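Peer 1: predicted model and sequence follow; I will ask about them next.
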Amino acid sequence: MAIVIQNLRKTYKAAFSPALDGLSLQVRKGQIMGLLGPNGAGKSTTINIVCGLVAPDEGTVKVMGKDSVKDGQAIRGMIGVVPQQIALFSNLTAWENFRYAGRLYGIAEKDITHRAGELLERLGLDKHADKRVGRYSGGMKRRANIIASLMHHPELIILDEPTAGVDVQSRAMILDFLKEYNKQGKTIVYTSHLMEEAEKLCDEVVIIDEGKFVVSGAPQTLINNTTDCKRLEDVFLHYTGHSVRD
Ligand SMILES: Nc1ncnc2c1ncn2[C@@H]1O[C@H](COP(=O)(O)OP(=O)(O)O)[C@@H](O)[C@H]1O
Ligand SMILES: [Mg+2]
């Protein structure tokens with residue numbers, strides 16, 4: 001298993017209700033897994049706990065068989081994280097950001113240059129690498145953040161809403177890239193609220209709501225097993241209801 005989450009509970013300070021309320025789920029190695037849920041369902045909290053950015057009140061997380069509390073450092077070396085909020089220095093160029101990220105992972109300068117160079121070309125940013133990231137469009141920032149998170153060739157890549165707020169071309173390029181990265185045997189976990197996209201991209205999806213596991217399975221299996229559902233969006237609404245979340 002790439003990720004095994006058991007009985008996670010998390011209530012933020014001053015919150016009325018828990019962000020995670022006994023959440024358990026698993027991600028198999030080599031999968032593209034979609035973590036889906038309405039606003040406030042607990043997707044980002046789950047991801048931040050898996051990455052070691054947020055501490056759970058209760059529960060355990062294992063990543064590639066390692067315990068997130070005891071082996072946090074080893075885990076951080078195996079995963080690449082693209083957070084919901086862009087995590088780049090906007091006053092630095094893309095190159096400067098990648099050098100910084102590469103050094104944090106202890107990668108040799110020549111390997112940083114090689115790795116960033118290949119990813120810049122693959123994600124269509126090679127002509128913009130010397131521009132300050134603050135001047136990038138939303139889609140360019142997201143692509144640059146993906147590059148920064150892959151400097152150390154992680155086995156597992158976790159992306160929180162990587163296609164939110166990006167232009168159509170960037171989105172197509174990002175999804176294409178994720179498929180390709182997955183074909184190299186890497187595991188991908190990503191969150192989205194675009195059901196059509198998740199239906200096409202994911203081997204399996206897990207729907208969570210109000211900090212709890214709701215259902216998981218291959219998109220087509222969920223569609224087939226849920227009465228009157230033709231698309232993943234119907235399944236999603238079937239399980240999470242029609243009330244609007246803020
Ligand atoms: N840093 C925080 N402090 C207090 N409450 C938070 C914080 N982060 C998230 N929450 C709350 O926890 C719940 C789950 O949020 P989140 O994990 O961001 O959900 P999602 O990513 O699925 O939209 C929401 O009710 C949200 O308002
Ligand atoms: Mg979120």
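Peer 2: Perfect, thanks for sending it. On a predicted model such as this, the values are computed, not experimentally measured, just so you know. Numbers count the residues shown, from 1 in each chain. Ligands and ions are numbered 1, 2, ... in the order given.

Peer 1: please enumerate the helices of the chain.
Peer 2: Taking DSSP state H, the helices of the chain run over residues 43-50, 72-78, 94-104, 109-122, 138-149, 168-183, 195-201, 219-225, 232-240.

Peer 1: between these, which gets the lowest average pLDDT?
Peer 2: Note on the helices of the chain: lowest mean pLDDT is at helix 72-78, with a mean of 92.

Peer 1: coming back round to it: please produce TSV containing the helices of the chain, extended by mean neighbour count and distance to ligand 1.
Peer 2: Quick note: C-beta positions are derived from backbone N, CA and C, even for glycine. Shown next, in TSV, are those (neighbours: other C-beta atoms under 10 Å; distance: least, C-beta to the nearest ligand atom, whole Å):
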stretch	mean neighbour count	distance to ligand 1
helix 43-50	23	3
helix 72-78	16	20
helix 94-104	19	24
helix 109-122	16	26
helix 138-149	22	16
helix 168-183	16	19
helix 195-201	18	14
helix 219-225	15	19
helix 232-240	19	11
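
Peer 1: grab the nearest non-local neighbour of residue 72.
Peer 2: residue 52 (4.8 Å; C-beta to C-beta, 6 or more residues apart in numbering).

Peer 1: contacting residues around that neighbour?
Peer 2: 68, 72, 75-76 (C-beta atoms under 8 Å, 6 or more residues apart in numbering).

Peer 1: farthest-apart pair in those residues, please.
Peer 2: The span of the contacts of residue 52, defined through C-beta to C-beta, is set by 68 and 76 at 9.8 Å.

Peer 1: assess the claim that residue 207 and residue 33 are in contact.
Peer 2: No: under the criterion of C-beta atoms under 8 Å, residue 207 is not in contact with residue 33, lying 11.7 Å apart.

Peer 1: any idea how far residue 203 lies from residue 51?
Peer 2: Noted for residue 203: a distance of 22 Å to residue 51, by C-beta to C-beta, to the nearest Å.

Peer 1: who's more crowded, those two?
Peer 2: residue 51 (20 against 14; other C-beta atoms under 10 Å).

Peer 1: apart from its neighbours in sequence, what residue is nearest the more buried one?
Peer 2: residue 81 (4.9 Å).

Peer 1: surely that neighbour and residue 152 touch.
Peer 2: No: when contacts are counted by C-beta under 8 Å, residue 81 is not listed as touching residue 152 (11.2 Å).
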